[in-house]
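1. okay, predicted coordinates and the sequence, questions at the end:
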Amino acid sequence: MEIELKPGERLDELQRNGYRIIQDPGRFCFGMDAVLLAGFAKVKPGERVVDLGTGTGIIPILLEARTKGASFTGLEIQVESADMARRSVLLNDLQDRVHIVDGDIKEAVQIFGAASCHVVTSNPPYMTEHHGLQNPDQPKAIARHEVLCTLHDVVSQAAGLLMPGGRFYMVHRPFRLAEIMTELCGCGLEPKRMQLAYPFIDREPNMVFIEAVKGGKSRITVEKPLIIYKEPGKYTDEIYEVYGY
């Protein structure tokens, strides 16, 4: 299906099933963290997935391409981003399996219902109001800083959406790891898997991927580090594999 692009928008190839996505560089474009989260998350056949703060829909679309889940729903508060996501769904003829809903993360349980899904994913804002300078452009500020929702909002709503034994997948920054673990455990989500991503093998990690299980027992597996670049400008084989090259 052909979709008309609005001023400032572009089409990007996703290297999966021939899928493409609509983005507006003047607002906010998805990053590597979203792609890697889609690679880290596990969705079993027949499972229902909700992505909190879906932006332009990158995670639901990639999960649809990578897994055999039954349905993938993205929740997004920014109307323009949700509109791009919805048109990307139509562009790729995914409207039977991928759905975009306008709404606030803080009202996710109210919107979808308690214990209504098997998997929740989120690539939330990383920074609080105290972390660095906020981008003067509001859409980018909302995506990067906790302007409209907090870490607690995301984790507590994820916990409410999941049925017992359901799984929550999130990417965040390592410097907030202690806070993240406290929030997860406090909301009844037991951390079960964790992976740190490093830009280069000799650098500090700049991303952390976490799987937490609702009502799970206390035991966590720390997976081997994910190294992004083998040398400047050249990804490692693991990254090429996630991207589908």
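-> Okay, I see it.

2. is the closest residue to Lys42 other than its chain neighbours bridged to anything, and to what?
-> Of all residues not flanking Lys42 in the chain, Arg167 sits nearest, at 7.1 Å (C-beta to C-beta, 6 or more residues apart in numbering). For every residue, glycine as well, the C-beta is placed using N, CA and C. Beta-bridge partners for Arg167, by DSSP bridges, are Val119, Val213.

3. now do the contacts for Arg167.
-> By C-beta atoms under 8 Å, 6 or more residues apart in numbering, Arg167 lies in contact with 41-42, 118-120, 192, 211-214.

4. which SSE is immediately downstream of the lowest-mean-pLDDT helix or strand in the chain?
-> When each helix and strand of the chain is scored by mean pLDDT, DSSP states H and E, helix 138-144 comes last, with a mean of 51. The C-terminal neighbour of helix 138-144 among helices and strands, as given by DSSP states H and E, is helix 151-161.

5. what's in contact with that next one?
-> Helix 151-161 is contacted by residues 50, 52-53, 105-106, 108-109, 112-117, 120, 122, 124, 168, 170, 172, 176, 179-180, 183-184, 187-189, 214 when judged by C-beta under 8 Å, 6+ apart.

6. ditto for stretch 236-243
-> Counting by C-beta under 8 Å, 6+ apart, 15, 32, 35-36, 39, 226-230, 235 sit against stretch 236-243.

7. if we go to 10 Å?
-> 14-16, 32, 35-40, 62, 66, 197, 200-201, 224-230, 234-235, 245 (C-beta atoms under 10 Å, 6 or more residues apart in numbering).

8. so which of these sit within helices?
-> Residues of those located in helices (DSSP state H): 32, 35-40, 62, 66.

9. need the residues you listed in a markdown table (columns: neighbour count and distance to Leu94).
-> As requested, the ones in helices among the contacts of stretch 236-243 are exported to a markdown table (neighbours: other C-beta atoms under 10 Å; distance: C-beta to C-beta, whole Å):
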| residue | neighbour count | distance to Leu94 |
| --- | --- | --- |
| Met32 | 16 | 22 |
| Val35 | 22 | 17 |
| Leu36 | 22 | 21 |
| Leu37 | 25 | 19 |
| Ala38 | 28 | 14 |
| Gly39 | 19 | 19 |
| Phe40 | 22 | 21 |
| Leu62 | 28 | 11 |
| Arg66 | 17 | 13 |
